[in-house]
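A.B. asks: Pasting a predicted model and its sequence here:
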Amino acid sequence: MNRRELLVAAGGLGSVPFAGCIDDGSGAEEEATTGPGEDDEADAEPPFEIPTIDAPGSREGTITVPTEGRVTLVNFTRTECPTSEGVLGTIGEARDRLEDDYEFGPDGTVVFLSVTDETRGLDPTPAELADWWREHDGDWPVGIDENGRLNEYYGVAGFPAVAVLDGDGEVRWRDRGSMRAGTIAFTVEEAIEAESSANSD
């Protein structure tokens, strides 16, 4: 699908309304990040190593966010959030629109990654997260932001949230709430082309 077709698709699709699941307001995140030591300060800056689990479309290991030369779509999610569950279908549709034209995966030009933050909300085990992923038809890498640093660095205030990052970790686009598959696909394609152009200079 070319850019024009993506743009038309983005404009033609109705948006899916999501109220979103806000943070629990417990103050746990602020408390956990008060007075960091040297190791904590180092961990607070990219790149971040995100552990991934064995699940449909995902394998046990790690994904580096960001990775030079690659575009990364990060979906910040929560297993107990119905809107997080609902937006997975939108992300999957966007991925379907792009997979014939681009190489997906940690070694490709683009990777889609969903992450949970163990410091906010439920803290599922890898097995529980895999069951949830399977139940909601996830089909790309899914991992756990073990210390919440990725969420904190990108200022995630509620769930679900999506951010498209370039190879330097700069946010090319982000959204929380009403999302369209066409808009996500178009934005990812634009980020891939910009990354490719930057690498060829």
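C.D. replies: Cool, got the structure. As the structure is a computational prediction, the values presented were derived from the model and not from experiment. Numbers count the residues shown, from 1 in each chain.
A.B. asks: From now on I want contacts and neighbour counts done on CA atoms only, so please keep to that.
C.D. replies: Will do.
A.B. asks: which strands and helices sit next to the longest helix seen in the chain?
C.D. replies: Longest among the helix segments of the chain by residue count, using DSSP state H, is helix 181-200. Counting contacts by 3 or more Cα pairs under 8 Å, 6 or more residues apart in numbering; DSSP states H and E, helix 181-200 is packed against helix 3-12, strand 71-77, helix 82-98, strand 161-165, strand 171-175.
A.B. asks: Next, the angle strand 71-77 makes with the last one.
C.D. replies: Taking axes from the mean of the first three to the mean of the last three Cα atoms, to 10 degrees, strand 171-175 and strand 71-77 form an angle of 30 degrees between their directions.
A.B. asks: Could you pull out the buried residues of strand 171-175?
C.D. replies: 172, 174 (16 or more other Cα atoms under 10 Å).
A.B. asks: where does the host helix or strand of residue 127 sit relative to the chain's centre, distance-wise?
C.D. replies: Residue 127 is part of helix 126-135 when elements are defined by DSSP states H and E. Mean C-alpha position of helix 126-135 versus that of the full chain (Cα atoms, centre = their mean, to the nearest Å) differs by 17 Å.
A.B. asks: Show me what secondary structure element comes after that helix.
C.D. replies: Heading C-terminal from helix 126-135 (DSSP H and E), you reach strand 142-145.
A.B. asks: Run through who's touching that next one.
C.D. replies: 50-53, 55, 58, 113-118, 151 (Cα atoms under 8 Å, 6 or more residues apart in numbering).
A.B. asks: same deal with stretch 166-175?
C.D. replies: Under Cα under 8 Å, 6+ apart, the answer for stretch 166-175 is 46-47, 65-72, 161-165, 187, 191-192, 195.
A.B. asks: For stretch 100-120, list every residue counted as buried.
C.D. replies: With the criterion 16+ other Cα under 10 Å, stretch 100-120 contains buried residues 104-106, 109-120.
A.B. asks: Filter those down to the ones in strands?
C.D. replies: 110, 111, 112, 113, 114, 115, 116, 117 (DSSP state E).
A.B. asks: Same list as before, these that is, but in TSV and with distance to residue 140 and pLDDT included.
C.D. replies: As requested, those are exported to TSV (distance: Cα to Cα, whole Å; pLDDT from 0 to 100):
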residue	distance to residue 140	pLDDT
110	11	98
111	8	98
112	6	98
113	7	98
114	8	98
115	11	98
116	14	96
117	17	94
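A.B. asks: can you pull the pLDDT of the closest residue to residue 58 other than its chain neighbours?
C.D. replies: Nearest residue to residue 58 in three dimensions, chain neighbours excluded: residue 141, at 4.0 Å (Cα to Cα, 6 or more residues apart in numbering). With respect to pLDDT, residue 141 has a value of 98.
A.B. asks: and residue 141, how many residues sit next to it?
C.D. replies: 26 (other Cα atoms under 10 Å).
A.B. asks: residues touching it, list them.
C.D. replies: Contacts of residue 141 by Cα under 8 Å, 6+ apart are 52, 53, 55, 57, 58, 59, 112, 113, 114.
A.B. asks: ok, and the closest non-adjacent residue to the first one?
C.D. replies: For residue 52, ignoring the flanking residues on the chain, the nearest one in space by Cα to Cα, 6+ apart is residue 143 at 3.9 Å.
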